[in-house]
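In: Provided below are the primary sequence and the corresponding predicted coordinates.
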Amino acid sequence: MAPFPCSARNSLNGSWPRLQAHDLSHTSNLHSFVMASAGPPYISAGKIRELVSMLDVINVVEKGLADFSNGKVVQPVRSFLNTTEHGGFLGVMPAYCYSSNCLATKVLTLYTDNESKGVPNIQAIVVQMDPSTGSVIALLDGVTITNMRTAAASAVALKYTKPPQSDLTLCIVGSGVQARAHAEALREICSYKEIRVWGRNLERIQKCVADIGGDAVNAKPYQDLRTACEGADIIVTVSMAKEPIVKGEWLKEGTVILSVGACLPDWRELDDELMNNSLVIVDSRAGAMKEAGDILLSKCDIYAEVGEVVAKGPVNMETARSHGKKFILFKSLGLAIEDAVTGQLIYEKFNQK
Ligand SMILES: NC(=O)c1ccc[n+]([C@@H]2O[C@H](COP(=O)([O-])OP(=O)(O)OC[C@H]3O[C@@H](n4cnc5c(N)ncnc54)[C@H](O)[C@@H]3O)[C@@H](O)[C@H]2O)c1
Ligand SMILES: O=C(O)[C@@H]1CCCCN1
């Protein structure tokens with residue numbers, strides 16, 4: 001029986017209809033009644049943070065990435081369109097996975113200059129559906145999901161590539177939303193003797209350092225990018241840069257780089273020397289060959305997808321050296337499956353409450 005006995009949505013104005021008394025004779029399904037009468041729930045940023053921890057998200061994203069590389073996820077490379085006159089992008093990111101029982105799409109916008117307008121550069125909503133019927137079961141705050149699952153994907157990559165020493169120096173290049181999310185997620189994987197935060201504006205760097213936890217987590221502001229990168233064991237790049245800003249010649253051998261920005265084919269964060277000296281692990285080969293400016297323009301090789309690494313086991317510097325490389329690098333572009341599994345987890349926890 002159809003879950004919405006009174007014909008799902010009003011086809012003229014798209015609103016969710018009120019259930020009529022006679023509709024009840026067609027269904028005994030309370031869930032259908034609630035859905036049809038009130039529409040799908042909206043799960044806000046605050047609620048999401050109450051329902052799931054970063055560790056929860058790391059765990060589902062790890063499985064999602066493994067399923068993706070194992071051919072268990074149906075997901076086209078996302079489609080982006082330009083809002084040319086306004087300098088922005090609209091992206092649509094659908095994914096379906098039978099083994100994680102999730103069907104969802106994220107709709108997002110990416111602008112680079114929204115700060116002056118008082119709104120975030122990346123805005124998004126996740127539409128979660130019931131895979132067995134296609135019915136929309138929830139709308140979720142896509143900004144929070146994007147922040148958490150992106151940092152979680154980097155945490156998964158770090159889990160499988162982390163340097164062996166215990167007291168590590170982490171350098172975060174960028175002081176925006178993802179800088180904060182990564183500080184949280186990467187602390188689930190390693191402990192750090194210092195967390196360096198670089199940005200272009202001292203006030204914003206200091207705010208980011210304070211938000212991350214300041215002295216309590218050994219976070220320190222850096223205004224010179226080269227100094228921030230030199231000697232770091234792990235570097236995460238989360239800037240909106242469009243040109244290479246981090247240079248391979250600055251880094252010590254054995255550095256692990258988590259490259260999260262530069263998600264368009266003509267955007268860069270890292271120079272050719274860095275890319276060509278790295279054992280490069282990507283979230284999606286197909287995505288990387290369409291969107292990753294640092295890979296496409298440096299013409300570097302791709303070693304593996306992170307989901308393959310999750311399945312086969314950790315990669316270390318011995319592997320990198322055997323391929324003639326000095327660094328290990330994870331190039332993240334962001335996958336719809338990361339949003340879909342995170343959205344599904346949140347929806348299930350929402351229903352348990
Ligand atoms: N891989 C993924 O899944 C994924 C997901 C979300 C965001 N991202 C990317 O991560 C990056 C950071 O996203 P965010 O949400 O933190 O954005 P944000 O706007 O909150 O922060 C961006 C930071 O970059 C700095 N910046 C801007 N232009 C710069 C430049 N030319 N050189 C150096 N720094 C510059 C800003 O001052 C700010 O500190 C973006 O490139 C975004 O596209 C990737
Ligand atoms: O996967 C995502 O959600 C993002 C948002 C914007 C930039 C690239 N990737």
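Out: Thanks, I have the structure now. Ligands and ions are numbered 1, 2, ... in the order given.
In: just the buried positions in stretch 249-269, please.
Out: Within stretch 249-269, the residues scored as buried using 16 or more other C-beta atoms under 10 Å are 250-251, 254-264, 267-269. (Glycine included, C-beta is placed from N, CA and C.)
In: what sits against the closest residue to D167 other than its chain neighbours?
Out: In space, and not counting its chain neighbours, D167 is closest to K193: 4.2 Å by C-beta to C-beta, 6 or more residues apart in numbering. K193 makes contacts with D167, L168, T169, N218, as judged by C-beta atoms under 8 Å, 6 or more residues apart in numbering.
In: whichever of those end up buried, select them in PyMOL.
Out: Buried residues among those (16+ other C-beta under 10 Å), as a PyMOL selection:
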select buried, resi 168+169+218
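In: what's the pLDDT at the residue nearest to D167?
Out: At K193, the model reports a pLDDT of 97.
In: so which residue of this protein comes closest to ligand 1?
Out: G176 (2.0 Å; C-beta to the nearest ligand atom).
In: list the contacts of that residue.
Out: G176 neighbours (C-beta under 8 Å, 6+ apart): N121, C208, V238, S239, M240.
In: list the contacts of the fourth one.
Out: The contact partners of S239, taken as C-beta under 8 Å, 6+ apart, are V173, G174, G176, I245, G261, E269.
In: how does it look with 6 Å?
Out: V173, G174, G261 (C-beta atoms under 6 Å, 6 or more residues apart in numbering).
In: can you list the residues you listed in JSON lines and add secondary structure?
Out: Shown next, in JSON lines, are the contacts of S239 (DSSP: H, G, I helix; E, B strand; the rest coil):
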{"residue": "V173", "secondary structure": "strand"}
{"residue": "G174", "secondary structure": "coil"}
{"residue": "G261", "secondary structure": "coil"}
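In: contacts with ligand 1 among the residues you listed, please.
Out: G174, G261 (C-beta under 6 Å from any ligand atom).
In: turn the contacts of S239 into CSV, columns for pLDDT.
Out: Output for these, formatted as CSV (pLDDT from 0 to 100):
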residue, pLDDT
V173, 98
G174, 98
G261, 98
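In: among the contacts of S239, which one lies nearest to ligand 2?
Out: The closest of the contacts of S239, once distances to ligand 2 are taken by C-beta to the nearest ligand atom, is G261, at 8.1 Å.
In: ends of stretch 148-167, what's the gap?
Out: One end of stretch 148-167 to the other measures 25 Å (C-alpha to C-alpha, to the nearest Å).
In: tell me which residues of it come out buried.
Out: 148-163.
In: domain-wise, how is the protein divided?
Out: 42-146+337-352, 155-334 (automatic domain parsing).
In: can you add distance to ligand 2 and give those back as JSON lines?
Out: Shown next, in JSON lines, are these (distance: least, C-beta to the nearest ligand atom, whole Å):
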{"stretch": "domain 42-146+337-352", "distance to ligand 2": "4"}
{"stretch": "domain 155-334", "distance to ligand 2": "2"}
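In: within range of ligand 1, give me the residues from the stretch 201-350 of the chain.
Out: V238, S239, M240, A241, I245, V260, G261, C263, S332, L333, G334.
In: helix/strand/coil for the second one?
Out: Just to be clear, that refers to S239. coil.
In: please report the distance of it from N316.
Out: 27 Å (C-beta to C-beta, to the nearest Å).
In: please flag which of the buried residues of stretch 148-167 sit within helices.
Out: Those of those mapping onto helices are M148, R149, T150, A151, A152, A153, S154, A155, V156, A157, L158, K159, per DSSP state H.
In: and the last one, what is it in contact with?
Out: To tie it back to what came earlier, the one meant is K159. I189.
In: which one of the ones in helices among the buried residues of stretch 148-167 sits closest to T83?
Out: T150 (22.1 Å; C-beta to C-beta).
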